[in-house]
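J.: Attaching a predicted model along with its sequence, questions to come.
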Amino acid sequence: MARARHTIARILWCTMVFMTAGTTTLAAITANWVELPALMADRMDMEVVQLGLTSACFQAQGAELACGQYGQSLSDIPHDAWRIAALFFLLGISFQWIIFIVSMLIICSGHLIVFLRFASLTASTMVLVGICAFGGGLKDLQPEREAIALMQPCIDSDFFKLGNCALGSSSIVGIFGVSLSFLTTIGAFLMLPRSKQM
């Protein structure tokens, strides 16, 4: 009976890990972290401009929405803080998927529970650092001098302040993913049985 309860707890925890990894992955691959205001988009002859962690979307007047990555490497991301954010966020996501794969492999046994607990804590910390670095990098969106450059579109932006830009749905999904990640970590410590109970 106790073994069945432990197996059910591990299955529930694996489901939580999968949901967390999927949510944070969705946030990372979509480009709607910051939305430019309509006035700024109009100045660039665009209807929609969305900036993401690793990609951006633009829609010219009367055209379809076009999205793409900033480039092939971290150095192509336009701001240093966002490079750091992408690095930590993507490393955290990688850890989450590794945790999911390992947890699926050991679902019926109690081996590697300690590893999974601390790997989950590490992944949660990495995605949190990524989100915080992204928020801290919002200052980089403040236009320098009176010139308004494409990658500095948010007037009055500062650390953790969007100015006249808006928080996009991808960043909300990312924040939700970080919350889920920490709930998963708590679940790892509360739901997964200690080896001596096996």
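T.: Sure, I can see it. Numbering: from 1, shown residues only.
J.: Which stretches in this structure count as strands?
T.: With strands called from DSSP state E, the chain shows them at 34-35, 46-51, 55-60, 66-69, 166-167.
J.: list the helices and strands the last one packs on?
T.: With contacts defined as 3 or more CB pairs under 8 Å, 6 or more residues apart in numbering; DSSP states H and E, the secondary structure elements packing on strand 166-167 are strand 34-35. Just so you know, the C-beta spots here come from the backbone N, C-alpha and C atoms, and that holds for glycine as well.
J.: Buried deepest among the strands of the chain, which one?
T.: Highest mean neighbour count among the strands of the chain (mean count of other CB atoms under 10 Å): strand 34-35, with a mean of 24.
J.: and the residue nearest to residue 90 when sequence neighbours are not counted, how many neighbours?
T.: Spatial nearest neighbour of residue 90, excluding adjacent residues (CB to CB, 6 or more residues apart in numbering): residue 28 at 6.3 Å. Residue 28 has 24 neighbours, counted by other CB atoms under 10 Å.
J.: before we move on, what about residue 76?
T.: Around residue 76 there are 11 residues (other CB under 10 Å).
J.: now residue 82
T.: 28.
J.: cool, residue 185 as well?
T.: Look at residue 185: counted by other CB under 10 Å, it has 24 neighbours.
J.: Residue 116 and residue 76, how far apart?
T.: Using CB to CB, to the nearest Å, we find residue 116 at a distance of 34 Å from residue 76.
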